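Asks: Here's a sequence, model it:
(one chain, ligands or ions: 2)
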Amino acid sequence: MSQTSALLPHKSIGVAVIWNEQRQILIDRRRPGGLMGGLWEFPGGKIEPGETVVECIKREIKEELGIEIEVGDRLIVIDYIYSQFSITLNVHHCQHLTGIPQPIESEEVRWVTLDQLDQYPFPAANIQIINALRKN
Ligand SMILES: Nc1nc2c([nH]c(=O)n2[C@H]2C[C@H](O)[C@@H](COP(=O)(O)OP(=O)(O)OP(=O)(O)O)O2)c(=O)[nH]1
Ligand SMILES: [Mg+2]
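Replies: Residues are numbered from 1 along each chain as shown. Ligands and ions are numbered 1, 2, ... in the order given. Here you go, the predicted structure:
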């Protein structure tokens, strides 16, 4: 056996699929550099100690985008092993409430339709999120 996930650091992440009233979804482009630099993602970040997934998502979205959302139903939980770490993505549907999204911690943010998601390069784990969205 070469390397197992038990040897890798693990990150637990809260991830938001934020919908607006035009049924568009908010995505952001990660800053350059590192394993996933320049790829698009659904906004979110690491769950802090003592925090629930819902609390994490609300906090991260305020910090990263400067907007208020309502966190709704869970879409999917994904466990994925990258070469340098493993992650659990806890993905929830969210509704945009107020504020214009700003790229506070990213390169760029964009509202896109479900059909347009194919035009954007995402990290490998995100294929499962996009498939789940298409099934709903
Ligand atoms: N927010 C978000 N993260 C994703 C997605 N897909 C995916 O593999 N990830 C990964 C990228 C990061 O490793 C991690 C997100 O956590 P983060 O944004 O706080 O991580 P980071 O790159 O700042 O990591 P770090 O250096 O602080 O450890 O999850 C996604 O759709 N959205
Ligand atoms: Mg983040």
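
Asks: Just to check, residue 71 is in contact with residue 16?
Replies: Yes - assessed by CB atoms under 8 Å, residue 71 is found in contact with residue 16 at 7.2 Å. Just so you know, the C-beta spots here come from the backbone N, C-alpha and C atoms, and that holds for glycine as well.

Asks: neighbour-wise, which of those two wins?
Replies: Taking other CB atoms under 10 Å, residue 71 and residue 16 do not tie; residue 16 has more neighbours (27 against 20).

Asks: Per-residue pLDDT of that one, please?
Replies: pLDDT for residue 16: 99.

Asks: Same question for residue 136.
Replies: For residue 136, the model assigns a pLDDT of 72.

Asks: Now do the same contact list for the nearest residue to it once chain neighbours are set aside.
Replies: Distances taken as CB to CB, 6 or more residues apart in numbering place residue 75 nearest to residue 136, at 7.3 Å, with adjacent residues excluded. With contact set as CB atoms under 8 Å, 6 or more residues apart in numbering, residue 75 has these partners: 17, 91, 92, 93, 129, 132, 133, 136.

Asks: Among the residues you listed, which are located in helices?
Replies: Judged by DSSP state H, those include 129, 132, 133 as members of helices.

Asks: Tell me what the closest residue to the first one other than its chain neighbours is bridged to.
Replies: In space, residue 129 comes closest to residue 91 once its chain neighbours are excluded; the distance is 5.6 Å by CB to CB, 6+ apart. With DSSP bridges as the criterion, the beta-bridge partners of residue 91 are residue 15, residue 76.

Asks: Now do the longest helix seen in the chain: everything it contacts.
Replies: Scanning the chain for the longest helix, with DSSP H as the assignment, gives helix 53-65. Helix 53-65 has contacts (CB under 8 Å, 6+ apart) with 14-16, 18, 26, 28, 43-48, 51, 67-69, 71, 74, 90, 92, 94, 99, 101-106, 109.

Asks: so how far is residue 8 from the most centrally placed residue in the chain?
Replies: Among the residues of the chain, the one closest to the centroid is residue 42, at 3.1 Å (CA atoms, centre = their mean). Taking CB to CB, to the nearest Å as the measure, residue 42 falls 22 Å from residue 8.
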